[in-house]
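Peer 1: pasting the sequence and the predicted coordinates here, then a few questions.
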Amino acid sequence: MSRPPPLPHPTTTLHLYRHLLRESSYLPVLIRPFFDERITTRFRAHRTSDPSSFPQTANRLKRAHHDLRYLRAANAGDLPRMRRILLLAFGRTGAKRRQLLSNLLEPDTPTSDEELQKYINKARAIVKEGRKPDWLDNWDTEKLKAFVKSQTGGDAPPIVNRPKPEITNHQLAPERHVPKENIWGGPLNEKVRRTKLKKTYKQVAEKVLPPVPREEWELLRDLVNKKEEWEVPKRRTVGRLIWAKKDDDKAKEEAMLDWNWQRYATQPIWLVDRQKSRRNMLLSGQVDEDLPMGEQQPINCHRYTPRLWRRTLEQVWRMTAVMERKKDGKGWEIEWGQKKYEPPVAPSADLEFFEGAPVRAEPKKKKGKQ
């Protein structure tokens, strides 16, 4: 059974830091730099934090231990956790998604007199409405609506296990669905109208799958279409001393003598053996070896193969898009990841099974009325 190796539990912060970097080295090559940079940046930012002076340091260490177990389980074959790691690396969720979203919402620098005039007219409209500029005025709403239309329309392929909820129809054009009258039939207060509009735009932004850089998008495309090959590094063997076998036998004898029967007598069995359950085997690395049916397989444990990697990356690629302004400067070109499926060609060894099969004739085109 594939499960995390029996490595010692990190006792110091430096030991934990090295364990995280070691587990990151077993991730796929295309996402490893993202997690290496994330691990080193966070530890270096808080390396001078004293736990006595900063109470949040204990929570950060607790979170780091959780992330270490998460990475070990994903590398051991936990596909749902590995899929979430891929979503984090390609900005479909998490901090990188927020950074890509801010790049999407940031207005472009004016490059012509017409674009500059649009900014001036927008500033004049704010003054005319008699309100102060807010965060929505700093968003490029036209660019956001164009991308949302592509994501919800026929351009984007159907997505399996969508990380974000779907965008509803009334969120495609927030200005149209803001009520003009209040419940008493009178005109809606301008401040209330603006608050409702900002709330709708915020809901839309939380559901958007922002575009990625073209380099990442093309890398995913080449991996899915077998144009670029890569391999996941194999795990290095754990170092063992010459007398390790004697020590293991001695440790097993001591564990049998130190069996904590009081927990089984005072607590529910499911709570005592929770770490050995099939759902938590990959997280804890513990296995219940005393079962009458033998050693059980953990839930959602897969053996990573090139085919499985391509299918998993294809699901991520279908969630990504590239967005570039058109050459004439009017509108944007948006392209989503979508693989073209072609029927397989029968090999020469199997052609005899298709001899005499009827050939499908192409339907004749109907002539129009002259």
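Peer 2: Nice, thanks for sending it over. Numbers count the residues shown, from 1 in each chain.

Peer 1: what residue is smack in the middle of the chain?
Peer 2: Closest residue to the average C-alpha location of the chain: Leu87 at 1.4 Å, with C-alpha atoms, centre = their mean.

Peer 1: give me the element that residue is part of.
Peer 2: helix 79-89 (DSSP states H and E).

Peer 1: for that helix, which outside residues touch it?
Peer 2: Contacts to helix 79-89, defined as C-beta atoms under 8 Å, 6 or more residues apart in numbering, come from residues 27, 30-31, 34-35, 70-71, 73-75, 93-94, 96, 161, 163, 282, 300-302, 308, 312-313, 315-316, 319. The C-beta positions use only the backbone N, C-alpha and C, and glycine is treated the same way.

Peer 1: the residue nearest to Phe90 when sequence neighbours are not counted: neighbouring residues, count only.
Peer 2: Leaving aside its sequence neighbours, Phe90 sits nearest to Val316 (C-beta to C-beta, 6 or more residues apart in numbering; 5.6 Å). Val316 has 20 neighbouring residues, counting by other C-beta atoms under 10 Å.

Peer 1: please report how far Val316 lies from Asn161.
Peer 2: For Val316, the distance to Asn161 (C-beta to C-beta, to the nearest Å) stands at 10 Å.

Peer 1: return the set of buried residues in stretch 120-137.
Peer 2: Buried residues in stretch 120-137, counted by 16 or more other C-beta atoms under 10 Å: none are found.

Peer 1: kindly export it (C-alpha atoms) in PDB.
Peer 2: Extracted as PDB, the C-alpha positions of stretch 120-137 are listed here (Å, rounded to 0.1, in the frame of the first residue of the first chain):
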ATOM      1  CA  ILE A 120     -11.700  62.100 -17.700                       C
ATOM      2  CA  ASN A 121     -15.400  61.500 -18.400                       C
ATOM      3  CA  LYS A 122     -15.600  58.900 -15.700                       C
ATOM      4  CA  ALA A 123     -14.100  61.300 -13.200                       C
ATOM      5  CA  ARG A 124     -16.600  64.000 -14.200                       C
ATOM      6  CA  ALA A 125     -19.500  61.600 -13.800                       C
ATOM      7  CA  ILE A 126     -18.400  60.800 -10.200                       C
ATOM      8  CA  VAL A 127     -18.300  64.600  -9.400                       C
ATOM      9  CA  LYS A 128     -21.700  65.000 -11.100                       C
ATOM     10  CA  GLU A 129     -23.300  62.300  -9.000                       C
ATOM     11  CA  GLY A 130     -22.100  64.100  -5.900                       C
ATOM     12  CA  ARG A 131     -20.300  61.200  -4.200                       C
ATOM     13  CA  LYS A 132     -16.800  60.300  -3.200                       C
ATOM     14  CA  PRO A 133     -14.800  57.800  -5.300                       C
ATOM     15  CA  ASP A 134     -14.800  54.200  -3.900                       C
ATOM     16  CA  TRP A 135     -13.100  50.900  -4.700                       C
ATOM     17  CA  LEU A 136     -15.500  50.100  -7.500                       C
ATOM     18  CA  ASP A 137     -14.300  53.200  -9.400                       C
END
